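Peer 1: what shape does this take:
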Amino acid sequence: MFRASASGSWMFSALNSIKEDTINGKTVHTSSPHYNVTKGVRTMVSKKMHVALNKQIGYEFSSAYLYLSMSAHFHAVNLPGFAHWMNEQYKEEMGHGMKFFSYIYERGGKVELEAIDKPPSSFKNPLDIFKQVLDHEKKVSGTINALYELALKESDYPSQVMLHWFIAEQVEEEKAASDIIEQLKMIGDAPAGLMMLDRQLAARS
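Peer 2: Below you'll find the predicted structure:
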């Protein structure tokens with residue numbers, strides 16, 4: 001699930017950065033998959049890929065922060081099962097961020113963390129919240145797909161392989177949110193049904 005612009009655009013502005021820089025009086029083509037201007041040494045990812053991977057860490061950590069805020073909300077309204085589900089989602093997103101973190105170093109890059117926006121703290125009913133979760137996961141899928149498209153453009157085969165896992169993961173993330181939305185629609189305003197779903201969500205591990 002990262003910082004959105006006021007227009008709701010989730011584009012990688014950094015992906016259109018310059019293709020060459022002057023280092024020590026020499027012109028260096030930074031689109032090369034073996035040069036990283038940030039470190040000033042040869043690496044195994046291009047400058048564009050290095051920047052985009054770093055940004056994805058921020059998007060994943062921002063997602064985690066959002067789900068932790070949703071967990072806090074559910075705790076406040078006495079829905080511990082929903083709170084648990086969101087807390088597990090928080091931990092999962094943190095894990096995703098750390099996968100990118102580790103991958104950057106495996107490819108000889110450098111992690112540069114960015115600021116994370118404050119998540120919302122006020123939410124409506126469970127159905128509305130899970131609709132937000134689904135919308136958010138679709139945006140995350142968009143950033144992962146953009147990374148994959150960049151990896152194709154840069155002929156970065158290892159990154160393509162790594163991103164296959166995330167692409168499959170996002171299919172599961174969207175389906176999980178969609179399934180809960182459908183259950184909440186069937187429950188409607190029935191408190192008993194909501195309590196049953198709360199117990200179901202508490203079993204997530």
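Peer 1: you'd agree Y105 is up against V111?
Peer 2: Yes. Here Y105 lies in contact with V111, judged by Cβ atoms under 8 Å, at a distance of 6.9 Å. Every C-beta, even on glycine, is put in place using the N, C-alpha and C of the backbone.
Peer 1: quick one, which of these two is more surrounded?
Peer 2: Regarding Y105 and V111, a neighbour count based on other Cβ atoms under 10 Å identifies V111 as having more, with 14 against 10.
Peer 1: phi, psi of the more buried one?
Peer 2: Phi and psi for V111, reported as degrees, to the nearest 10, are phi -80, psi 130.
Peer 1: quick one, what contacts it?
Peer 2: Applying Cβ atoms under 8 Å, 6 or more residues apart in numbering, we find V111 in contact with N54, I57, F101, I104, Y105.
Peer 1: give me the buried subset of those residues.
Peer 2: Buried residues within the contacts of V111, defined by neighbour count using 16 or more other Cβ atoms under 10 Å: N54, I57, F101, I104.
Peer 1: can you give me the strands for this structure?
Peer 2: Here the chain has its strands, by DSSP state E, at 20-23, 26-29.
Peer 1: how about residues contacting stretch 64-81?
Peer 2: Under Cβ under 8 Å, 6+ apart, the answer for stretch 64-81 is 1, 82-84, 86-87, 89-91, 93-94, 97, 116, 119-123, 126, 129, 133, 136, 194, 197-203.
Peer 1: ok, now with 7 Å
Peer 2: Where contact means Cβ atoms under 7 Å, 6 or more residues apart in numbering, the residues beyond stretch 64-81 that reach it are 1, 82-83, 86-87, 89-90, 93-94, 97, 116, 119-121, 123, 129, 136, 198-202.
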